[in-house]
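Visitor: sequence? don't have it. structure:
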């Protein structure tokens, strides 16, 4: 099939590679402009651009697709390219730009299959920007991938194909992301094969069970130790690899990459955030109802290391108090 592809991060790269390996002709790749990244803040190409370059596919990086927006020349160039491509369908995966109506119209018509979105949730649950993170944070038992026919709404289009996967208590967003990316790549290939045979059966999304996965904010990363241990662990898992859960120890920021609920109770007299024990298995910290074992930490300005190496030379002892307050944030006047 002759395809347009729009995507930006690693999740989308997996889908693009799957489509090419399945024999589809990708005639144009749309991806976000290069962004500053790393310590040197050098411009870095997206994962999709890197893959498309390696595959020698045509690439376009408009800053906007809105013809009446801030970058109308970019949008006009994209419109010409999309119309000239005469593609059978556009596959969209975590592109990062909202498709305006003119794109949907350009991909409509006889013999075309429109815009198909690879969405990392079982719609209508977790429409929006961060479905993987929010599913982990909420403690969902399962999630999945939905291939959706795009319309003008926010992830409101008809469902074409879907596949579920369980969320294990130890799954982080990083782990779940990679699993869902693989599912998404295989599912879009299957959906296009069904479409070519006229066997796709669109299903209207139910009105019950709609939830929205709000975009992540770095301020959410700070751990509130007055929450339950299970809630804290879920947030640690949800924010790995971004923005990474964090806490303060005597003015020093510690990133918490992994944690689990420990057996036992800290006791009602122990304040949440109090360090109870430090050992080879982790750092035991009192939560509202029980104990959280921090099993992977990273000191501010240091590399991400195994726990034993991270703790070596670090002043962290039972009785110390962890704080979930962002010390760098402005404080309200009293």
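Guide: Cool, the structure landed. Just so it is clear, the structure is predicted and the values come from calculations on it, not from any experiment.

Visitor: domain assignment for the protein?
Guide: Here the domain parsing of the chain from automatic domain parsing is 2-213, 218-323.

Visitor: how close does residue 239 sit to residue 284?
Guide: 21 Å (CB to CB, to the nearest Å). The way it works is simple: take the backbone N, C-alpha and C, and place the C-beta from them, glycine included.

Visitor: between those two, point out the one with more neighbours.
Guide: More crowded of residue 239 and residue 284, by other CB atoms under 10 Å: residue 239, with 25 against 19.

Visitor: ok, back up a step: got the domains of the chain as CSV, with mean pLDDT columns?
Guide: Below are the domains of the chain laid out as CSV (pLDDT from 0 to 100):
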stretch, mean pLDDT
domain 2-213, 96
domain 218-323, 92
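
Visitor: strands of the stretch 101-250 of the chain, start to end?
Guide: Remark: strands assigned in the stretch 101-250 of the chain by DSSP state E, counting those that start in this stretch are 115-119, 127-128, 142-149, 159-166, 212-213, 245-249.

Visitor: for residue 85, find the nearest of the ones you listed.
Guide: Nearest to residue 85 among the strands of the stretch 101-250 of the chain is strand 115-119 (13.1 Å), distances taken as CB to CB.

Visitor: what's the angle from that closest one to strand 159-166?
Guide: 10 degrees (axes from the mean of the first three to the mean of the last three CA atoms, to 10 degrees).

Visitor: what angle do strand 115-119 and strand 142-149 make?
Guide: Using the same axes, to 10 degrees, strand 115-119 lies at 170 degrees relative to strand 142-149.

Visitor: so which bits of strand 115-119 are buried?
Guide: 115-119 (16 or more other CB atoms under 10 Å).

Visitor: and that strand, what does it pack onto?
Guide: Using 3 or more CB pairs under 8 Å, 6 or more residues apart in numbering; DSSP states H and E as the contact test, the elements touching strand 115-119 are helix 10-21, strand 89-93, strand 142-149, helix 173-196.

Visitor: let me know the angle separating it from helix 173-196.
Guide: Computed by the same axes, to 10 degrees, the angle between strand 115-119 and helix 173-196 is 150 degrees.

Visitor: can you tell me the strand partners of strand 115-119 and which way each runs?
Guide: Paired neighbours of strand 115-119 in the sheet (DSSP bridges): strand 89-93 (parallel), strand 142-149 (antiparallel).

Visitor: quick one: the first one to chain centroid distance?
Guide: Which is strand 89-93. Averaging C-alpha positions (CA atoms, centre = their mean, to the nearest Å) puts strand 89-93 18 Å from its chain's average.

Visitor: ok, residues contacting that strand?
Guide: Residues from elsewhere that reach strand 89-93, judged by CB atoms under 8 Å, 6 or more residues apart in numbering: 1, 3-7, 11-12, 15-16, 19, 82, 99, 103, 107, 112-118, 150, 184, 188, 192, 195.

Visitor: go with 6 Å
Guide: Strand 89-93 is contacted by residues 3-7, 12, 15, 107, 113, 115-118, 188 when judged by CB atoms under 6 Å, 6 or more residues apart in numbering.

Visitor: closest to residue 307 among those residues?
Guide: Relative to residue 307, the closest of these is residue 12; by CB to CB it sits at 33.1 Å.

Visitor: any idea how far residue 10 is from the residue nearest to the closest one when sequence neighbours are not counted?
Guide: In this structure, residue 12 finds its nearest non-sequential neighbour in residue 93, 3.9 Å apart by CB to CB, 6 or more residues apart in numbering. Counting by CB to CB, the separation of residue 93 from residue 10 is 10 Å.

Visitor: ok, residue 84 next?
Guide: 29 Å.

Visitor: burial measure for the nearest residue to residue 211 once chain neighbours are set aside, as a count.
Guide: Nearest residue to residue 211, sequence neighbours excluded (CB to CB, 6+ apart): residue 125, at 5.2 Å. Per other CB under 10 Å, the neighbour tally for residue 125 reads 22.

Visitor: cool, residue 214 as well?
Guide: Residues near residue 214, counting by other CB under 10 Å, number 13.

Visitor: ok, it to residue 32 distance?
Guide: For residue 214 relative to residue 32 (CB to CB), the value is 20 Å.

Visitor: mind listing the residues bridging to the closest residue in space to residue 160 that isn't next to it in sequence?
Guide: In this structure, residue 160 finds its nearest non-sequential neighbour in residue 147, 4.6 Å apart by CB to CB, 6+ apart. Going by DSSP bridges, residue 147 is paired in beta bridges with residue 118, residue 161.

Visitor: wait, residue 147 sits on residue 192?
Guide: No: using CB atoms under 6 Å, residue 147 makes no contact with residue 192, being 9.1 Å away.

Visitor: and the buried ones among the contacts of strand 89-93, selectable in PyMOL?
Guide: The buried subset of the contacts of strand 89-93, as determined by 16+ other CB under 10 Å, is captured in PyMOL by this line:
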select buried, resi 3+4+5+6+7+12+15+107+113+115+116+117+118+188
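
Visitor: right, I'll call it a day here.
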